[in-house]
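>>> Everything below, folded, please.
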Amino acid sequence: MPKKELVLETFSKISNVYDYMNDFMTLGMHRDWKNLLIKEVFKFYKDSDILDIGSGTGDLVFLIKKDFPSAKVVALDINDSMLKKLKRKLEKNNIKDVEIVKSFAEDIPFGDETFGAVVSSYTIRNLEDIERSFKEIYRVIKKPGVFGFLELSEPKIFKKLFWLYLDKILPFFGGKLGCKEEYEYLGRSLRAFLSPEDIVSLLKSVGFSRVYIARVCAGVSTIYIAIKS
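Next up is the predicted model:
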């Protein structure tokens, strides 16, 4: 099965438990990591036009609107189930100036230099063509502008415990919710993903002038900040 179809099917199946499982498997800490990402992005550049790649149910959207209420946010995702949940959450919380767009990151349907910032959380490793996506993201960012994202990474310590958690424990609890295979995908996707060093090199190769990384929670996730100048 092509990766795009696999990812679409996987996240469609877990859409109803997605928010719950994110809180469960990180003990709620993913919210702090995402908040840190947004604050790091705003340190470099704060613009009213922001694109969220792989927005899902909208965690980053809500953090952006909390810190920057006047921001105009585009929430981009390919998954109808996730976007429907996001739309309901926006309506429930009366959040305005958020445009929902169904599209792949490899073909962003906006013109050159449209956004001051592009953000993403736990999406990049799921993309079928990461290099093409990075080129598209670079294209739609203004000069100056910033691309900031959060992604899973292998920690420097407790590696065996980390992989036991991803490979066995999470799928076990996912299975209790009827999503064992979908949560087995998590470990497989990280194993197939680029190293942080390779990601930095790829970001620079598509044009970003500076790239910074910050590891969070002993390295189980990494924040990447790429500057377009």
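
>>> gap between stretch 140-155 and the chain center?
When C-alpha coordinates are averaged (C-alpha atoms, centre = their mean, to the nearest Å), stretch 140-155 and its chain have centres 9 Å apart.

>>> got the buried residues for that stretch?
140-142, 145-155 (16 or more other C-beta atoms under 10 Å). Bear in mind the C-beta positions are built from the backbone N, C-alpha and C, glycine included.

>>> just stretch 57-70 next, same as before
Under the neighbour-count rule (16+ other C-beta under 10 Å), stretch 57-70 has 57-65, 68 buried.

>>> buried ones in the lengthiest helix in the chain?
As assigned by DSSP state H, the longest helix anywhere in the chain is helix 29-44. For helix 29-44, burial by neighbour count (16+ other C-beta under 10 Å) applies to 30, 33-34, 36-38, 40-42, 44.

>>> Mean confidence (pLDDT) on the following helix or strand past it, please.
For helix 29-44, the succeeding helix or strand toward the C-terminus, using DSSP states H and E, is strand 49-53. Summarised as a single mean, pLDDT over strand 49-53 is 97.

>>> and the angle from the helix or strand just after strand 49-53 to helix 29-44?
Under the assignment DSSP H and E, the closest C-terminal helix or strand after strand 49-53 is helix 59-67. Orientation note: helix 59-67 sits at an angle of 60 degrees relative to helix 29-44 (axes from the mean of the first three to the mean of the last three C-alpha atoms, to 10 degrees).

>>> Would you mind identifying the next helix or strand past helix 59-67?
Under the assignment DSSP H and E, the closest C-terminal helix or strand after helix 59-67 is strand 72-77.

>>> returning to what we had before: now the angle between strand 49-53 and the longest helix of the chain, please.
Between helix 29-44 and strand 49-53, the angle comes out at 140 degrees (the same axes, to 10 degrees).

>>> Mind giving me the packing neighbours of helix 29-44?
Helices and strands in packing contact with helix 29-44 are listed as helix 18-26, helix 59-67, strand 115-121, strand 141-152, strand 210-216, strand 221-228; criterion 3 or more C-beta pairs under 8 Å, 6 or more residues apart in numbering; DSSP states H and E.

>>> any idea of the angle the longest one forms with helix 29-44?
In other words, strand 141-152. Our comparison of strand 141-152 with helix 29-44, counting by the same axes, to 10 degrees, yields an angle of 160 degrees.

>>> all numbers from here: first residue = 138
From this message on, residue numbering opens at 138, which makes the last subject strand 278-289.

>>> and strand 278-289, average pLDDT?
Computed over strand 278-289, the mean pLDDT rounds to 96.
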